[in-house]
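Novice: show me how the following folds:
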Amino acid sequence: MKDVILPGSQLEVIQQVINEQKNADKFLKHNLTPANRMLLCGPPGCGKTMTAYAIAHELQIPVAYVRLDGLVSSYLGQTSTNLRKVFDAVRDKHIILFLDEFDAIAKKRDDSNELGELKRVVTTLLQNFDNMPPNVFLIAATNHEQLLDPAIWRRFNVTIQLGLPDVDNRKKLIEKWFQEFDISGKFNYRTLASISEGLSCANILEWAKACGKENVLKKGFKMEDATIILIRQLTKYSNNNEDTWKVILRMKKAGVSEKNIAKALGVPATTLNYQIGKRLNAGKEEEANERSATESVDS
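Specialist: Numbers count the residues shown, from 1 in each chain. Below is the predicted model:
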């Protein structure tokens, strides 16, 4: 669990579940079932899968990874059969059953867009949950928790909403992966964390890997090199669309030099300076017009 970077409150509840699992025999002697059903919610790349495997590593038990969207069949009754086979396969094992893309099957049964067959599958899923032995530790992951059937929620002991890492956790992740990929040098990790706002754990990992590769190929990998790689990734190697300019203006505001931004985009610094000034002035005019309109309404 030392490699899992999450808010303290979330780490605490995960550690509590791990402790219950490690002391399962003590709980069972008192007719208490240790927590063994966890739902992880959050956007793609926020660490749901990594967290599940970290828990498995801590408990030293294997993981049975199942993507539920892969169980859905167009044949009548086949999806429910596939689902039962999964639960039957792990019933006698001390194992983590990791159900990814959980919303593919556990959707609300009042959704008018879903076929009756898939609604019956939810009932099958609930039955398997209720009959699941304590030796199976079930972890489910979804990017769309708002789609889940209401009856699903109470089947879990613990629900954790994972989000994008904040600036402190981004700093920890960047330091961790730079060290892991042998990227040495003078880096202001606080600044790197600041300019990587909005990145998921997976995004930061891909950025760190790209920096690691550049570090291998180039002598004297520096802070500006890491910044340039990030800008290129965030702008999708484009310099002529509005999303690109949102990134540029955010980088400029965060203190990244126009020289490095221009180098990342492959445009002359004078051109970049002109375009930035033009957009900043346009933004100021828009704000002034909005204030003027608001004052007119108030008067």
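Novice: next, count neighbours for the closest residue to residue 187 other than its chain neighbours.
Specialist: Excluding its sequence neighbours, the residue lying closest to residue 187 (CB to CB, 6 or more residues apart in numbering) is residue 223, at 5.3 Å. No exception for glycine: its C-beta is placed from N, CA and C like everyone else's. Other residues within reach of residue 223 by the criterion other CB atoms under 10 Å amount to 15.
Novice: next: residue 235.
Specialist: Per other CB under 10 Å, the neighbour tally for residue 235 reads 21.
Novice: just to revisit the earlier point, which ones are touching the residue nearest to residue 187?
Specialist: Shown in contact with residue 223 (CB atoms under 8 Å, 6 or more residues apart in numbering): 185, 186, 187, 188, 191, 192.
Novice: out of those, list just those in helices.
Specialist: Residues of those located in helices (DSSP state H): 191, 192.
Novice: PyMOL command for the buried members of the contacts of residue 223?
Specialist: The PyMOL command for the buried members of these (criterion: 16 or more other CB atoms under 10 Å) is given here:
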select buried, resi 187+191+192
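Novice: which of the contacts of residue 223 lies closest to residue 272?
Specialist: Residue 272 lies nearest to residue 191 out of those, by CB to CB, at 20.0 Å.
Novice: hmm, that closest one is touching residue 260, no?
Specialist: No: between residue 191 and residue 260 there is no contact under CB atoms under 8 Å: 11.8 Å.
Novice: hmm, back to that, determine which two of the contacts of residue 223 are furthest apart.
Specialist: Spatially, the most separated pair among the contacts of residue 223 is 185 and 191, at 13.7 Å (CB to CB).
Novice: need the contact list for residue 136.
Specialist: Contacts here follow CB under 8 Å, 6+ apart; on that basis residue 136 touches 36, 90, 91, 93, 94, 95, 97.
Novice: so how far is residue 216 from the residue nearest to residue 187?
Specialist: Using CB to CB, to the nearest Å, residue 223 is found at 17 Å from residue 216.
Novice: could you pull out the buried residues of the one helix or strand residue 125 maps to?
Specialist: Using DSSP states H and E, residue 125 sits within helix 116-130. Going by neighbour count (16+ other CB under 10 Å), the buried part of helix 116-130 is 117, 118, 121, 122, 124, 125, 126, 128, 129.
Novice: what packs against that helix?
Specialist: Where contact means 3 or more CB pairs under 8 Å, 6 or more residues apart in numbering; DSSP states H and E, helix 116-130 is packed against helix 78-90, helix 150-153.
Novice: please state the offset of it from the chain centre?
Specialist: Using CA atoms, centre = their mean, to the nearest Å, the mean C-alpha position of helix 116-130 is found 27 Å from that of the whole chain.
Novice: tell me the mean pLDDT over the helix or strand following it?
Specialist: Next in sequence after helix 116-130, counting helices and strands by DSSP H and E, comes strand 136-142. Averaging pLDDT along strand 136-142 yields 96.
Novice: list the buried ones in strand 136-142?
Specialist: Neighbour-count burial for strand 136-142 flags 136, 137, 138, 139, 140, 141, 142 (criterion: 16+ other CB under 10 Å).
Novice: before we move on, what about stretch 84-96?
Specialist: 86, 87, 90, 94, 95, 96.
Novice: residue 14 against residue 162, yeah?
Specialist: No: Residue 14 is beyond contact range of residue 162, at 10.6 Å (criterion: CB under 8 Å).
Novice: anything in contact with each of these two?
Specialist: 6, 51.
Novice: just the pLDDT for residue 219.
Specialist: Looking at residue 219, its pLDDT stands at 83.
Novice: quick one, what contacts it?
Specialist: Residue 219 makes contact with no residue under the criterion CB under 8 Å, 6+ apart.
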